[in-house]
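In: Prediction below, plus the sequence it came from.
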Amino acid sequence: MTQRISENSRFHEAIDDALELLHDYADQATGDDQDLALPLPSLLEQCQQLLAEAGVHEPPPVRTLHHLACTGGTLISRCLAAQPNSWVLSEVDPLSPFVPGGFLPTDLIGLSRFSSRPASIETQAELFCAGLRVLYEQAIHQGQQLILRDHSHGQFNFGEAVVERPTLRELVSRNYPVLSVISVRHPLDSYLSLQETGWVQHFSPPTLAEYARRYLSFLDAYDDCEFIRYEDFVASPDTEMARLCSLFGLSFDPDFQQTFSAIHLSGDSGRRGDVIRPRPRRAYAPSLVQEAKDAEPFMTLLDRLDYAFDLD
């Protein structure tokens, strides 16, 4: 919203400057001195130049938030959606491997994928970009900030291997400036949550080491992005949400904890609640301790994210 206000201010300043030139011209034309300092065509050219300069600015960015499943992403996204003029689209992945139901009357990408002549990956990407343009222009028209919450699970934690295809950020950046942030959680906690939901079976083998390898691939794809930790967020939600808003260039509402509970987004698969607070770790089998110690990718992941090996 701050950027939009700034753009409007520059536009209004240019209008005021142009009007002032016209007023000066009118005062000279009606005064005693009929020798005008500038001919009218030159004056009009100056006005047009001022207006043209006001229209030259960077288009507003699309914000993208990236995280893996069961890492607290829905809570963070709901709190983002509670910020002024934010518009959050949840669980976006135009190239998702998840097969939808057979009835797809509103889903052009799905219809193209399961048509009599299945569309290519590039055609599906173009369909997404075309639809995004409509939403982007609508957001600008309404003075809103468009935020896409990525559904990274389908790319990094589904199937026999991590799929080599464009990320959501890469697709969006084809046409728009992008501001991207990732959120993370202690990988043991997210792994335990995946086990509870049964989603650990989405990749093979369903081990902690394999999960860590895929988590590292996710981090590699967004290695130039700032990240926030779920544990920091639930411990100090005001501080971390203010930081996230700053990274995204958004206005911050300090009362978001009183309003976010009214916002519902898809993807709320974890422990629910409308009070932001740390939660105890899920129970785990004693054998997981040794499995974690023996899993080199897991230990590498802990070090990369600066998490402690805090298993008893």
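Out: Cool, the structure landed.
In: contacts, neighbours, all on C-alpha from now
Out: OK.
In: Residues contacting stretch 288-298, please?
Out: Identification of contacts with stretch 288-298 by C-alpha atoms under 8 Å, 6 or more residues apart in numbering yields 187, 208, 209, 210, 212, 213, 299, 311, 312.
In: Let me see the confidence value for residue 18.
Out: What the model reports as pLDDT for residue 18 is 61.
In: just residue 58 next, same as before
Out: On pLDDT, residue 58 comes in at 81.
In: same check, this time on residue 98
Out: 87.
In: Looking at the contacts of stretch 288-298, which one is closest to residue 142?
Out: Nearest to residue 142 among the contacts of stretch 288-298 is residue 187, at 38.8 Å by C-alpha to C-alpha.
In: what about the protein, any weak spots by pLDDT?
Out: The chain contains residues with pLDDT under 70 at 1-19, 21-44, 46-56, 267-273.
In: Can you pull the domain assignment for it?
Out: Residue ranges for each domain of the chain read 2-54, 62-305, as given by automatic domain parsing.
In: Kindly compare burial across these and name the winner.
Out: Of all the domains of the chain, domain 62-305 has the most neighbours on average by mean count of other C-alpha atoms under 10 Å, namely a mean of 17.
In: Kindly check the end-to-end length of that one for me.
Out: By C-alpha to C-alpha, to the nearest Å, the extent of domain 62-305 from end to end equals 26 Å.
In: so of the contacts of stretch 288-298, which ones are in helices?
Out: Taking DSSP state H as the definition of helices, those contribute 187, 208, 209, 210, 212, 213, 299.
In: just curious, which of those residues is nearest to residue 138?
Out: residue 187 (37.5 Å).
In: Help me confirm that that closest one comes into contact with residue 212.
Out: Yes. Counting by C-alpha atoms under 8 Å, residue 212 is a contact partner of residue 187 at 7.4 Å.
In: so what sits against both of these two?
Out: Common contacts of residue 187 and residue 212 (C-alpha under 8 Å, 6+ apart): 298, 301.
In: How about the secondary structure of the most centrally placed residue in the chain?
Out: Nearest to the geometric centre of the chain sits residue 64, at 1.8 Å (C-alpha atoms, centre = their mean). Following DSSP: H, G, I helix; E, B strand; the rest coil, the label given to residue 64 is strand.
In: and it, what is it in contact with?
Out: For residue 64, the contacting residues are 147, 148, 149, 150, 169, 178, 179, 180, 181, by C-alpha under 8 Å, 6+ apart.
In: can you give me the strands for the chain?
Out: Using DSSP state E, the strands of the chain run over residues 62-66, 86-92, 145-150, 178-184, 226-229.
In: Strand 62-66 and the second one, what's the angle between them?
Out: On the basis of axes from the mean of the first three to the mean of the last three C-alpha atoms, to 10 degrees, strand 86-92 is oriented at 50 degrees to strand 62-66.
In: quick one: strands adjacent to strand 86-92?
Out: Strand 86-92 sits in its sheet next to strand 145-150 (parallel), going by DSSP bridges.
In: now the shortest one
Out: Here strand 226-229 has these sheet partners by DSSP bridges: strand 178-184 (parallel).
In: what sits up against the strand it pairs with?
Out: 61-68, 71-73, 169, 172, 222, 225-230, 247-248.
In: from memory residue 266 sits against residue 92, does it?
Out: No. Using C-alpha under 8 Å, residue 266 makes no contact with residue 92, being 10.3 Å away.
In: Output the contacts of stretch 288-298 in TSV; the columns should cover distance to residue 239.
Out: TSV is the format used below for the contacts of stretch 288-298 (distance: C-alpha to C-alpha, whole Å):
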residue	distance to residue 239
187	23
208	32
209	33
210	34
212	29
213	31
299	29
311	28
312	30
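In: one step back: columns distance to residue 304 on top of the contacts of residue 64, output as TSV?
Out: As requested, these are exported to TSV (distance: C-alpha to C-alpha, whole Å):
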residue	distance to residue 304
147	27
148	25
149	23
150	22
169	22
178	25
179	22
180	19
181	16
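In: which residues of the stretch 151-300 of the chain fall in helices?
Out: Here the stretch 151-300 of the chain has its helices, by DSSP state H, counting those that start in this stretch, at 153-156, 168-172, 187-197, 208-221, 230-235, 237-248, 256-259, 287-294, 296-305.
In: before we move on, what about the stretch 1-150 of the chain?
Out: Under DSSP H, counting those that start in this stretch, the stretch 1-150 of the chain gives helices at 2-30, 40-54, 73-81, 108-113, 121-141.
In: Which one of the helices of the stretch 151-300 of the chain lies nearest to residue 277?
Out: Short answer: helix 230-235, nearest of these by C-alpha to C-alpha, at 5.0 Å.
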